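>>> Build me a model:
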Amino acid sequence: MNRRIFIKNSSIIAISSAIPSCVKNNINSYRRNKIGVSSYSFWHFDTDKKPTMGYCIEKAAKMGFDGIEFLLVQMSSTENTHLQKLKKKAFHAGLDIMGLSTHQGFLNPSKEYRDENINKTIDQIEIAYQLGIPTMRINTGRWGTSESFDALMANKGIEPPIDGYNENDGFPWVIESIQKCIPTAEKCGVVLGLENHWGLGISAKNVKRIIDEVDSPWLRATLDTGNFLEDRDNQIQTLAPYACLVQAKTYYGGGVWYSLDIDYNKIGKVMRDNNYKGYISLEFEGNEDPDTAVPKSLKLLRDNFYYNI
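Numbering: from 1, shown residues only. Presented below is the predicted three-dimensional model:
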């Protein structure tokens, strides 16, 4: 058989296996979303088992992912020489470095504290630029009134505001802080993705409000499927039109903090309805060995995320 014909037919068979029979008759009208994996999937903040980013790149490539999302706090260095070595390693492994997941906090009455986090976020944007990363996850930050992260998770991500303040105080702090980061994001070509991730980011309504009020094409949403603990379907519907990245949680072996029964067939349809063609980034957050759970998660996402062309 002609080699080009063989490759073309093999690609069609691979894609059709992941697409429901109702659309297989029109297979040329569909394409899979690319699937990346967060380096977090191999770690979960276990200080005794912190894998290097090089190890995560090798694992992601071997398992068949299209890209990798770096968790910044997992990186051993942000010196440019180290960053360029990682970029080269990912390139030779056939992987896009498609996202940078960062932490910052703007939900605080102290202007000095917020300014420190603005400067920190600007530095992070420049790290993303050095790595050639097109989108960076940001957070509103938390109130910081929970005794621990475990306590926050036990309370479904809800924590009381700092004494004397409320959500209405917090929105201007967060909005003004992000606005100060936008010029650097634009200069570097890095789209900021505000995640539904505790603090004011606990609801799609709040994330949408912040994005609308910042009013910049350089701020969109990182939609995390596992961070809506209430009314998930409606909240995903609300945030889907704003998404620049989807972080998809799986919980094989039971969740580290909690487990959710997430219908990825339904979410895949929501993203198709919103013409989403970007990356899906796996965040495996279960107790099963990543060597078995991450490949299962990849298959699950491959089977459910595709779009019209």
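
>>> What lies in contact with the lengthiest strand in the chain?
In the chain, taking DSSP state E as the definition, the longest strand is strand 243-250. With contact meaning C-beta atoms under 8 Å, 6 or more residues apart in numbering, strand 243-250 is reached by 38, 69, 98-99, 135, 137, 191, 193, 195, 220-227, 260, 262, 264, 267, 271, 274, 276, 278-286, 293, 296-297, 300-301, 305. Just so you know, the C-beta spots here come from the backbone N, C-alpha and C atoms, and that holds for glycine as well.

>>> So which of those sit within helices?
Residues of the contacts of strand 243-250 located in helices (DSSP state H): 264, 267, 271, 293, 296, 297, 300, 301.

>>> any idea how far the third one lies from residue 299?
Translated: residue 271. 18 Å (C-beta to C-beta, to the nearest Å).

>>> re earlier: out of the ones in helices among the contacts of strand 243-250, give me the two with the largest separation.
271 and 293 (22.8 Å; C-beta to C-beta).

>>> domain parsing for this structure?
1-30, 33-308 (automatic domain parsing).

>>> what's the most buried one of those?
domain 33-308 (a mean of 18; mean count of other C-beta atoms under 10 Å).

>>> Endpoints of that domain, how far apart?
The straight-line separation of the ends of domain 33-308 (C-alpha to C-alpha, to the nearest Å) is 10 Å.

>>> can you offset everything so residue one is 26?
Sure thing, new numbering starts at 26, so read that last one as domain 58-333.

>>> what helix or strand is residue 113 on?
helix 105-117 (DSSP states H and E).

>>> hang on, the earlier thing: so which of the contacts of strand 268-275 are in strands?
Filtering the contacts of strand 268-275 for strands - DSSP E - leaves 63, 94, 123-124, 160, 162, 216, 218, 220, 245-249, 305-309.

>>> so where's the chain uncertain?
Within the chain, the segments meeting pLDDT under 70 span 26-52, 72.

>>> Report the central residue of it.
residue 272 (3.7 Å; C-alpha atoms, centre = their mean).

>>> residues in contact with the closest residue to that one other than its chain neighbours?
Counting by C-beta to C-beta, 6 or more residues apart in numbering, residue 272 lies nearest to residue 249, which is 4.4 Å off, once chain neighbours are set aside. By C-beta under 8 Å, 6+ apart, the contact set of residue 249 is 220, 221, 222, 272, 274, 308.

>>> got the residues you listed as CSV, with distance to residue 135 columns?
Formatted as CSV, those follow (distance: C-beta to C-beta, whole Å):
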residue, distance to residue 135
220, 23
221, 25
222, 21
272, 29
274, 32
308, 31
